[in-house]
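In: from the sequence below, what's the structure:
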Amino acid sequence: MSLELYSYWRSSAAWRVRLALNLKGLDYQIRPVHLVEGGGEQFSPAYRKLSPESLVPSLVHDGWPLSQSLAICEYLEATWPQPALLPDDARAAAAVRSFCALIACDTHPLNNLRVLKYLGEDLQLDDAARNAWYRHWIGRAFGALQARVAGRSTDFAFSDTPGMAECFLVPQIYNARRFDCPLADYPDLLDIDARCAELPAFRAAHPDAQIDKPA
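Out: Numbering: from 1, shown residues only. Okay, the predicted model is just below:
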């Protein structure tokens, strides 16, 4: 069995998959894809065979490629059900998927590298305007995420062990901190993030621990 993850050290989408792989205890190899160097290795003809959309991550399982972090995490859950990243109960699992989709579909696409690059280079927005854009959408999303876990009775977002929700939340909090987004209004999210930071699976997936992090 061979698992290869095409990843960029600071890509939050690739980070989600690293976390899912680590939480499941799967062995995998990182194949770095530099998103900036040389105009972006994700646009090379070789990589486009794995990801026609020219995005990371891509997972290759025994020669079979799959892109998009949500799909990859669902594939890992279906192929290696234990340890589980989703609850057994259908409604509880749907609540986790909804939480993840709010990050992956409604938040991250507005703030990822290619969008920020377009805002700066094509629309000629200065750093202050770009950062205001970023913080606006983070605030909208984190308010909703906080409401979903406020008053929780579990150690993590939906259970006493981390799962798919944490795979998506932790990278997004990291990004919010990078752009100095105010986070004091989201105490549950910060508590979950702090708990995750103590776990080996999360430490190993962190951007600072990646082989392609610049020296």
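
In: worst-scoring helix or strand of this protein, pLDDT-wise?
Out: helix 113-117 (a mean of 79; mean pLDDT, DSSP states H and E).

In: what packs against that helix?
Out: The helices and strands touching helix 113-117, judged by 3 or more C-beta pairs under 8 Å, 6 or more residues apart in numbering; DSSP states H and E, number zero. C-beta coordinates here come from the backbone N, C-alpha and C atoms, glycine included.

In: pull the distance from it to the chain's centre.
Out: In terms of C-alpha atoms, centre = their mean, to the nearest Å, the centre of helix 113-117 is found 16 Å from the chain centre.

In: quick one: mean pLDDT for the helix or strand following that helix?
Out: For helix 113-117, the succeeding helix or strand toward the C-terminus, using DSSP states H and E, is helix 127-149. Across helix 127-149, pLDDT averages out at 90.

In: hang on, the earlier thing: okay, the least confident helix or strand of the chain in PDB with CA atoms only?
Out: This file holds the C-alpha atoms of helix 113-117, laid out as PDB (Å, rounded to 0.1, in the frame of the first residue of the first chain):
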ATOM      1  CA  LEU A 113      -3.300  32.400  -1.900                       C
ATOM      2  CA  ARG A 114      -4.700  32.800  -5.400                       C
ATOM      3  CA  VAL A 115      -7.500  35.100  -4.200                       C
ATOM      4  CA  LEU A 116      -5.200  37.300  -2.200                       C
ATOM      5  CA  LYS A 117      -2.800  37.500  -5.200                       C
END
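
In: tell me which residues of it are tucked away?
Out: Of all the residues in helix 113-117, those buried under the rule 16 or more other C-beta atoms under 10 Å are L113, V115, L116.
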